[in-house]
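>>> Let's see this in three dimensions:
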Amino acid sequence: MWRAIKVLIFLTALAAIGLIGYAYVGPLFFAEDFAPPLEQVVDPVTLDLN
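Okay, here's the model as predicted:
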């Protein structure tokens, strides 16, 4: 049982390192832009004060 817990901890740490690595080198090697699209949204708002 202890071996399975060790394996899960190791895989979780490996996945976290992979995700952090992808966040740093993803825009350089995969030509991905992680910035959100910038556009202005203007919607009228009707307030009902009654």
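>>> now stretch 30-38: how far from the chain's centre is it?
Computed by CA atoms, centre = their mean, to the nearest Å, the separation of stretch 30-38 from the middle of its chain amounts to 12 Å.
>>> For it, buried residues please.
For stretch 30-38, a neighbour-count test (16 or more other CB atoms under 10 Å) marks nothing as buried. Bear in mind the C-beta positions are built from the backbone N, C-alpha and C, glycine included.
>>> ok, now stretch 40-50?
Quick answer for stretch 40-50: no buried residues (16+ other CB under 10 Å).
>>> Run a quick neighbour tally on residue 27.
13 (other CB atoms under 10 Å).
>>> Same question for residue 26.
Around residue 26 there are 14 residues (other CB under 10 Å).
>>> for it, what are its contacts?
By CB atoms under 8 Å, 6 or more residues apart in numbering, the contact list for residue 26 reads 32, 34.
>>> where's it, which helix or strand?
Element membership for residue 26, per DSSP states H and E: helix 2-29.
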